[in-house]
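Asks: Whatever this is, show me its structure:
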Amino acid sequence: MLYEKFFDKLEKVRWNLGTDIQWDQIDPTRISQEQTNLIHHICKTEIGSLFAAESFIRDFYDDIDFSCYVSVWYYEEMKHCLVLKKYLSHLGIEIPEAEFQALRMSIPPSSKENILMIHFLSEHRLANWYRSMANWLDEPVGKDIFTLIADDEIRHGQTYFEFIQKDLERSPEHLYNYLRSAQFMLHPKAPSDIHAVTLTGTTDRLEDPRYITFIDEDLALPGGKDATNKRIYSLLSLLAHDKMQDYASLSAAVRRLKPGRNLQTA
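Replies: Numbers count the residues shown, from 1 in each chain. Just a heads-up that it's a prediction; the model follows:
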């Protein structure tokens, strides 16, 4: 089971909330109101991991391996919410339980291929956004926190990739559905904030639902998007056994795989 592999692998590199964050070194004078507002939004968005975990258990009922892995992913993701909540608390900003409760929702069912691909891509985007946050912040402990979270997200992206690989080994015909989901997420005209959480509507309930656009566009690290896309297309190429380096080549692969494309009409 991949669950056993990832349980051991992620546990070895997991950071500790109590000992790896220098809480006593936080310097409130080095963080602005704009920055704390943005962290507040990110913290509340991270509660979306709860809704995702619930939907995973429901939609992957017949996949015991992935269902077990959800326990690892969910623990680490909810720790992201908690570490940001504690960080804000040290800055004198409290998020009451009611604010999280107000975000409670259920995610509609979807295909497993769609779920795995969207989260594979979303984890990579999150890693890039959180690295941008770490670069933008001046307060050193906040920088460290977002660096740790970004590293978690890129590891999570790899785990989703391996679950996709496992599924394709058993059901290679699912490749078309995976690449179609990637095509939707990576479309050049797709909103810059497209992500698993924004697709569910969690961010719509926030004061500034488009805050991710600010991170993606205004805070973007030089070359960050290009590096992320390069990695994504490289991994998609491994899945498809077909070289893809941009959206055009992805679309071409989808057209070649379209069911019934090579059937002769009567």
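Asks: what about Trp23, distance to Asp8?
Replies: Distance, Trp23 to Asp8, using Cβ to Cβ, to the nearest Å: 29 Å. Quick note: C-beta positions are derived from backbone N, CA and C, even for glycine.
Asks: More neighbours: these two, which one.
Replies: Shown here are Trp23 and Asp8; by other Cβ atoms under 10 Å, Trp23 has more neighbours (12 against 9).
Asks: Test my guess that the more buried one contacts Val141.
Replies: Yes: look at Trp23 against Val141 with Cβ atoms under 8 Å: they come within range, at 7.3 Å.
Asks: Flag every buried residue along stretch 13-33.
Replies: Buried residues in stretch 13-33, counted by 16 or more other Cβ atoms under 10 Å: Arg14, Trp15, Ile21, Ile26, Ile31.
Asks: Which residues outside it are in contact with it?
Replies: The contact list for stretch 13-33 (Cβ atoms under 8 Å, 6 or more residues apart in numbering) reads 76, 79, 82-83, 86-87, 90-92, 137-142, 144-145, 148, 151, 155.
Asks: among those residues, which ones are buried?
Replies: Counted by 16+ other Cβ under 10 Å, those give 76, 79, 83, 87, 91, 137, 139, 141-142, 144-145, 148, 155 as buried.
Asks: Max pairwise distance over those residues: which two?
Replies: Spatial extent of those (Cβ to Cβ) is set by the pair Leu91 and Arg155 at 27.6 Å.
Asks: So which of the buried ones among the contacts of stretch 13-33 are in helices?
Replies: Of the buried ones among the contacts of stretch 13-33, the ones assigned to helices by DSSP state H are Glu76, Lys79, Val83, Tyr87, Val141, Gly142, Asp144, Ile145, Leu148, Arg155.
Asks: which residues touch the closest residue to Leu137 other than its chain neighbours?
Replies: Among residues not flanking Leu137 along the chain, Lys143 sits closest, at 4.9 Å (Cβ to Cβ, 6 or more residues apart in numbering). Going by Cβ under 8 Å, 6+ apart, Lys143 touches Ala134, Asn135, Leu137.
Asks: switch to 10 Å and redo it
Replies: Arg30, Met133, Ala134, Asn135, Trp136, Leu137 (Cβ atoms under 10 Å, 6 or more residues apart in numbering).
Asks: okay, now the fifth one: neighbour count?
Replies: It stands for Trp136. Using other Cβ under 10 Å, Trp136 has 17 other residues around it.
Asks: Spit out the contact partners of it.
Replies: Taking Cβ under 10 Å, 6+ apart, we find Trp136 in contact with Glu34, Gln35, Leu38, Gly142, Lys143, Phe146, Ile215, Asp218, Leu219, Leu221.
Asks: For it, give its distance to Phe146.
Replies: Plainly put, Trp136 is 9 Å away from Phe146 if you go by Cβ to Cβ.
Asks: Repeat that for the third one.
Replies: Distance, Ala134 to Phe146, by Cβ to Cβ: 4 Å.
Asks: More neighbours: which of the two?
Replies: Phe146 (24 against 18).
Asks: Chain neighbours aside, what residue packs nearest to Tyr130?
Replies: Spatially, and ignoring its direct neighbours in sequence, Tyr130 is nearest to Ala150 (3.8 Å; Cβ to Cβ, 6+ apart).
Asks: which SS class is Ser110?
Replies: At Ser110, secondary structure determined by DSSP: H, G, I helix; E, B strand; the rest coil is coil.
Asks: What is the neighbour count of it?
Replies: Neighbourhood size, Ser110 [other Cβ under 10 Å]: 14.
Asks: how much space is there between the residue nearest to it when sequence neighbours are not counted and Asp242?
Replies: Spatial nearest neighbour of Ser110, chain neighbours left out: Asp59 (6.6 Å); criterion: Cβ to Cβ, 6+ apart. Separation of Asp59 from Asp242 (Cβ to Cβ) stands at 28 Å.
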